[in-house]
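Colleague: Okay, structure incoming, though there's no sequence with it:
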């Protein structure tokens, strides 16, 4: 799997500056208030750095933006990268600055002069997050970023502050790898095996096979995968870091490793992106990895339903009726509305087995949420204001876009079926809302619950601040922060 670029924290060494190879990165917010290291660098460059920082071009740069001074005289470095950044700034700006460093990072590496910067740990986090690259299926010589050294005032303190971020970045990278992986590689077998391997981190991992799912009565989930050669599975991951015996908080993810739409088959154009339809399960896995790596003081259980939606002779048909684990019957109007069928059974099983203090499910569930919110925000649906507000606060703190959507009885009525307890779709209008209403039927009334529709945020066609185009890992940062703030008192 992919791992964040290693970053070393060292005390500032002014004497080493002339001989440093690779890139040298400096932070400035104007010609005054430069650190001793930057002033020393300016003298070595015969005042060139200072002239640039005082120039109109620098003045037009926004906080977090960068510009290269190539082949600077008086230095062995290949370039000096100047990043506009106040010594004290918001977390998002510091991460943006780190990401600017990562985008220019080459094989020769970089030395980052972050002496005295209050947000040095967040700069390092942004750098690590943006340096991600998914390359396992590319041939030829791998482009591996060179070593990164951050010169800071107190290396031990900054390293300690950066440590939790390193665990988060590892979890995000795990999620991105899963979402980017093609479906012929990431089968239900392979996905389950990757999750089982996290037992070495201290997670308790259990794989429920089809025979067990049949005994449990998961007819909704099994109906989705019955047209595939890959067997359906449910993977249970438990982290016991909190009070012994205390009920856990639960995360549930949709893991459709490939979605053709089934008999209600999707158009060919863009279907290749349906390798990302397991994005919800990928986020759950990434959060569980992060919790284990940072030894979170909380009890959390993560469950994912792994299936493949294929249109063979055994595939589920429009008009079929399936019985959920809860016992409710569902008329399948559209086999491409399969994720909610998977989640229905996993949500019910989670509550029956673990009696969680709350549940958050994640799914690349509807195209309708992209029409509503674009690719900037995840759709948030909830039956509990307190939990929902806590999540939205965590998402804002981490810079992950999220927007609460409405729910209500009028939407719920659209799911009424003539021949079963409900239909799996309620029409085109309000499609993301009726999907959430469907899921709510499988959440017990006393259980705080959030549904996150990440169809627009899990995979992007262009770069974002902290990720190259492709999988973003959206949600790992926000959910990790929610668990930290809600259960660990930090």
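Modeller: Looks like it came in fine. Note that this is a predicted model, so its numbers are computed, not measured. Numbering: from 1, shown residues only.

Colleague: Could you identify the longest helix within the protein?
Modeller: Residue-count comparison of every helix in the chain, with assignments taken from DSSP state H, identifies helix 155-180 as the longest.

Colleague: Mind giving me the packing neighbours of the following helix or strand past it?
Modeller: Under the assignment DSSP states H and E, the closest C-terminal helix or strand after helix 155-180 is helix 188-196. Helix 188-196 sits against strand 204-208, strand 233-240, strand 249-259, helix 279-293, strand 299-309, with contacts defined as 3 or more CB pairs under 8 Å, 6 or more residues apart in numbering; DSSP states H and E. C-beta coordinates here come from the backbone N, C-alpha and C atoms, glycine included.

Colleague: got these as TSV, with mean pLDDT, mean neighbour count and distance to residue 61 columns?
Modeller: Compiled in TSV, those are given as follows (pLDDT from 0 to 100; neighbours: other CB atoms under 10 Å; distance: least, CB to CB, whole Å):
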stretch	mean pLDDT	mean neighbour count	distance to residue 61
strand 204-208	98	16	47
strand 233-240	98	22	43
strand 249-259	98	28	40
helix 279-293	98	29	33
strand 299-309	99	28	42
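
Colleague: so residue 363 touches residue 255, yeah?
Modeller: No. Under the contact definition of CB atoms under 8 Å, residue 363 does not touch residue 255, with a separation of 9.2 Å.

Colleague: hey, what's in contact with both of these two?
Modeller: Contact criterion CB atoms under 8 Å, 6 or more residues apart in numbering; residues bridging residue 363 and residue 255 by contacting each: residue 280.

Colleague: sorry, back to before: as JSON lines, the helices and strands packed on helix 188-196 with distance to residue 408 would be great.
Modeller: JSON lines is the format used below for the helices and strands packed on helix 188-196 (distance: least, CB to CB, whole Å):
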{"stretch": "strand 204-208", "distance to residue 408": "34"}
{"stretch": "strand 233-240", "distance to residue 408": "31"}
{"stretch": "strand 249-259", "distance to residue 408": "23"}
{"stretch": "helix 279-293", "distance to residue 408": "24"}
{"stretch": "strand 299-309", "distance to residue 408": "27"}
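
Colleague: among the ones you listed, which is nearest residue 110?
Modeller: Nearest to residue 110 among the helices and strands packed on helix 188-196 is helix 279-293; the distance by CB to CB comes to 25.0 Å.

Colleague: Now do that closest one: distance to the chain's middle.
Modeller: 8 Å (CA atoms, centre = their mean, to the nearest Å).

Colleague: ok so, going back, which one of the helices and strands packed on helix 188-196 lies closest to residue 133?
Modeller: When the helices and strands packed on helix 188-196 are ranked by proximity to residue 133, the top entry is helix 279-293, at 17.1 Å, counting by CB to CB.

Colleague: same for the closest one, what does it pack against?
Modeller: helix 155-180, helix 188-196, strand 233-240, strand 249-259, strand 299-309, strand 359-363, helix 476-487.

Colleague: Show me the one of these that comes nearest residue 287.
Modeller: Once CB to CB is applied to the helices and strands packed on helix 279-293, the stretch that comes out nearest is helix 476-487, at 4.8 Å.

Colleague: for residue 355, what are its contacts?
Modeller: Contacts of residue 355 were listed using CB under 8 Å, 6+ apart, and they are residue 247.
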